[in-house]
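Novice: no sequence for this one, just the structure:
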Ligand SMILES: Nc1ncnc2c1ncn2[C@@H]1O[C@H](COP(=O)(O)OP(=O)(O)OP(=O)(O)O)[C@@H](O)[C@H]1O
């Protein structure tokens, strides 16, 4: 790994499930320290794409490198440098916040301290609370704490703020901004244009399993000749924006 190499390279990814071709042809390159958003309507192929990048799904076709590592071949090494927060977290409901954090910290040689993690995601007051007693927003925030416990250089965040109220969403943005300011590379799946415009250097618009546009929010607005990223999304994908899709 050297510092000039891109954090993520995905070339011509394709993935079919029995009924659907979820990803037809997706290429994506994320530079080290960059934050890139992946947006698209339900079923556009966002989750399948990031799960392949995270090594959780095997592509039918294409090549992936994360910090120069092959997600399948170099699985153990990748786990030390990549943090993943997925849509559905399968966590033990009866465990308390600190027990879960300490469990995840134990996977890494030089984890962040429990206090720092809880502070970063504003769960210090809930440290003794069982997972099942946390609100939806608190559960989401905990899942980020677990994803960053090992000081990953790259994080993948899938629908981080879906289902959260505006206040909880803004808090979550603060956590992502802090990661970016520390130089962590962020790949963020989202439904919200306001969110990616605020947090991401560049945005990939996916539709029907393909990247239809990939650029800075400003360049996408210019390309689409629209005043807002919402309108640019509609113009470039031909799809309507979904309501707060939970
Ligand atoms: N495990 C699976 N088995 C079969 N089909 C699947 C599976 N996962 C996803 N699909 C299908 O693949 C397509 C792409 O799904 P994917 O979850 O990647 O899209 P997405 O853009 O992340 O959507 P969402 O915003 O709803 O999460 C959809 O048609 C979906 O129904």
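Specialist: Perfect, thanks for sending it. Keep in mind the model is a prediction, meaning the values are calculated, not measured.
Novice: need the residues that contact the longest helix anywhere in the chain.
Specialist: Counting residues, the longest helix found in the chain (DSSP state H) is helix 166-181. Contacts to helix 166-181, defined as CB atoms under 8 Å, 6 or more residues apart in numbering, come from residues 33, 35, 120-122, 135-137, 140-141, 144, 148, 155, 157, 160-161, 164, 186, 188, 192, 195, 198-199. The way it works is simple: take the backbone N, C-alpha and C, and place the C-beta from them, glycine included.
Novice: looking at the residues you listed, which are in strands?
Specialist: 35, 155, 157, 186, 188 (DSSP state E).
Novice: how close does the residue nearest to the spatial centre of the chain sit to the ligand?
Specialist: Here the mean C-alpha position of the chain is nearest to the C-alpha of residue 157 (CA atoms, centre = their mean), at a distance of 2.0 Å. Distance, residue 157 to the ligand, by CB to the nearest ligand atom, to the nearest Å: 13 Å.
Novice: and what of residue 66?
Specialist: Distance of residue 66 to the ligand, computed by CB to the nearest ligand atom: 18 Å.
Novice: cool, residue 170 as well?
Specialist: In terms of CB to the nearest ligand atom, residue 170 sits 22 Å off from the ligand.
Novice: which pLDDT value does the model give that residue?
Specialist: For residue 170, the model assigns a pLDDT of 87.
Novice: ok, residue 117 next?
Specialist: The model's pLDDT for residue 117 equals 94.
Novice: burial measure for residue 212, as a count.
Specialist: Residues lying near residue 212 (other CB atoms under 10 Å) number 16.
Novice: returning to what we had before: let me know the angle separating the longest helix of the chain from strand 154-158.
Specialist: 160 degrees (axes from the mean of the first three to the mean of the last three CA atoms, to 10 degrees).
Novice: helix 166-181: which residues count as buried?
Specialist: Buried residues in helix 166-181, counting neighbours by 16 or more other CB atoms under 10 Å, are found at 168-169, 171-173, 175-176, 179-180.
Novice: need the three-state assignment for residue 115.
Specialist: For residue 115, the assignment made with DSSP: H, G, I helix; E, B strand; the rest coil gives helix.
Novice: could you look up the SS state of the residue lying closest to residue 61 once chain neighbours are set aside?
Specialist: Take residue 61 and drop its neighbours on the chain: the residue closest to it by CB to CB, 6 or more residues apart in numbering is residue 14, 4.0 Å away. Secondary structure state of residue 14, per three-state DSSP, is strand.
Novice: what count of nearby residues applies to residue 14?
Specialist: Using other CB under 10 Å, residue 14 has 18 neighbouring residues.
Novice: you'd agree it is up against residue 24?
Specialist: Yes: contact criterion CB atoms under 8 Å: residue 14 and residue 24 qualify, at 6.1 Å.
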